[in-house]
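Asker: Make a model of this:
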Amino acid sequence: MEPPRELRQALGLQEDEVCQLLGNAYGRVDAPLLFYKELSQQLYQLGFIRHPLEPCVFLLYTGTVLNGILGVHVDDGVCGGDTKFSQKIQALQSKLPFGSRKHRNFVFTGIHLEQFPDYSIRASQGEYVRNIQQIDIGRARRMLPEATVTEDERSKLRGLIGSMQYAVTHTRPDMAAKLGEIQGQVTKATVQTLLSANKVLRETQEQAEVCIYFLPISPQELTFVSFGDASFASSKNLNSHQGAIVCATDRAPNYLGGHCLVITAFPAFSDWHVDMYISTVSLAQGAGRSFLFARGGRT
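Answerer: Below you'll find the predicted structure:
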């Protein structure tokens, strides 16, 4: 590698000399990938396998019995499992020391997770939602609600939508429809769109303590239910819109109308606790995925 000037001076290197990097270095763009490869190798040696549909999720089995699941996001992880799984995590810690480890109550990728004695899990983002900033719209601009937004305003609108979408995806499905209506207006946004976006944000912040729960369900009773419906046209335009919700329950619901698809029982967990670990390896920010797996909790 070509050393920077400061390193060249510190090592007394000549202008025609270069360095060989033998390990990872903070700030490298490929640091997250290098750590992922090292973590994967260590997990394979401990008996874990990679999930066939999600490369950031690792499974530990004894025969056909699932002992635990580990999900990783860059150099953070969230996991749940039995005694054997905990022993493997301890072995992993001896290879890749964790900076800290938290149990049952912690923040992971901006989501506050708390597990209760009955193994149910509460997920909330109250603090995150309260910290989202509204779009600044001057008084003169508010007097022209039908005016087309500037590109700077459109960029701010996209930023607000993105921030709210993160909460809607994980803990605030109650705001999905209203946010979706704003998202559909971005390309033809007006000042009124900005005002509406701020209104949706205020409503979200006024109910910042709203959260979702993953309830403990017996593996023999676990049932996935999907409801869906569509409108002929929205109030803003003549486009039709479709909505759907998928949830896990312990029994098939009574039929109330609309469309209902029920997918029943598949193997699940019971009586596990949720752990979080943070590795000490310093990494540049990179893309990743986060997962919550808990015996008794449901994602």
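Asker: burial of residue 217, as a residue count?
Answerer: Counted with other Cβ atoms under 10 Å, the burial measure for residue 217 works out to 21 neighbours. Where C-beta positions appear, they are placed from N, C-alpha and C, glycine not excepted.
Asker: what does residue 245 give?
Answerer: By the measure other Cβ under 10 Å, the count of residues near residue 245 is 11.
Asker: which SS class is it?
Answerer: What DSSP: H, G, I helix; E, B strand; the rest coil gives for residue 245 is strand.
Asker: Find the residue closest to residue 48 in space, skipping its chain neighbours.
Answerer: With Cβ to Cβ, 6 or more residues apart in numbering as the measure, residue 58 is the residue that lies nearest to residue 48, at 4.3 Å, once sequence neighbours are left out.
Asker: who's in contact with the one you found?
Answerer: With contacts taken as Cβ atoms under 8 Å, 6 or more residues apart in numbering, residue 58 has the following neighbours: 40, 43, 48, 49, 50, 51, 69, 70, 71, 72.
Asker: Next one: the closest residue to the fifth one other than its chain neighbours from residue 99, what distance?
Answerer: Yep, that's residue 50 we're talking about. In space, not counting the residues next to it along the chain, residue 50 is nearest to residue 58; the distance is 5.9 Å by Cβ to Cβ, 6+ apart. In this structure, residue 58 lies at 20 Å from residue 99, with Cβ to Cβ, to the nearest Å as the measure.
Asker: before we move on, what about residue 130?
Answerer: Remark: distance between residue 130 and residue 99 (Cβ to Cβ) = 27 Å.
Asker: per-domain residue ranges of this protein.
Answerer: The record assigns the chain these domain ranges, following automatic domain parsing: 5-122+269-279, 126-210, 223-264.
Asker: Figure out which of these is closest to residue 216.
Answerer: Distances from residue 216 to each of the domains of the chain were compared using Cβ to Cβ; the minimum, 4.5 Å, belongs to domain 5-122+269-279.
Asker: Check the average confidence over the closest one, would you?
Answerer: The average pLDDT within domain 5-122+269-279 is 85.
Asker: related to what we said a few turns ago, okay, and the residue nearest to residue 50 sits in which element?
Answerer: If you go by DSSP states H and E, residue 58 is part of strand 57-62.
Asker: residues of that strand that come out buried?
Answerer: Along strand 57-62, these residues count as buried under the neighbour rule (16 or more other Cβ atoms under 10 Å): 57, 58, 59, 60.
Asker: can you put the residues you listed in JSON lines and add distance to residue 6?
Answerer: As requested, the buried residues of strand 57-62 are arranged in JSON lines below (distance: Cβ to Cβ, whole Å):
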{"residue": "57", "distance to residue 6": "40"}
{"residue": "58", "distance to residue 6": "39"}
{"residue": "59", "distance to residue 6": "45"}
{"residue": "60", "distance to residue 6": "44"}
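Asker: between those residues, which is closest to residue 224?
Answerer: Nearest to residue 224 out of the buried residues of strand 57-62 is residue 57 (Cβ to Cβ; 18.5 Å).
Asker: May I have the beta-bridge partners of that closest one?
Answerer: When bridges are assigned using DSSP bridges, the partners listed for residue 57 are residue 71.
Asker: Looks like it contacts residue 71 (just checking).
Answerer: Yes. With contacts defined as Cβ atoms under 8 Å, residue 57 counts as touching residue 71 at a distance of 5.0 Å.
Asker: Next, work out how far apart residue 239 and residue 35 are.
Answerer: Taking Cβ to Cβ as the criterion, residue 239 is separated from residue 35 by 44 Å.
Asker: So which of the two has more stuff around it?
Answerer: Each of residue 239 and residue 35 had its neighbours counted (other Cβ under 10 Å), and the higher figure belongs to residue 35 (21 against 10).
Asker: Quick check, the more buried one in contact with residue 77.
Answerer: No. Distance between residue 35 and residue 77: 11.2 Å, which falls outside the contact criterion (Cβ under 8 Å).
Asker: re earlier: ok, and the most crowded of the contacts of residue 58?
Answerer: residue 70 (26 neighbours).
Asker: Spell out the secondary structure type for the residue lying closest to it once chain neighbours are set aside.
Answerer: Take residue 70 and drop its neighbours on the chain: the residue closest to it by Cβ to Cβ, 6+ apart is residue 79, 4.1 Å away. The three-state label for residue 79, taken from three-state DSSP, comes out as strand.
Asker: I figured residue 79 was touching residue 89, is that so?
Answerer: Yes. Using Cβ under 8 Å as the test, residue 79 is close enough to residue 89 to be in contact (6.7 Å).
Asker: residues near residue 66, how many?
Answerer: Neighbours of residue 66 under the rule other Cβ under 10 Å: 18.
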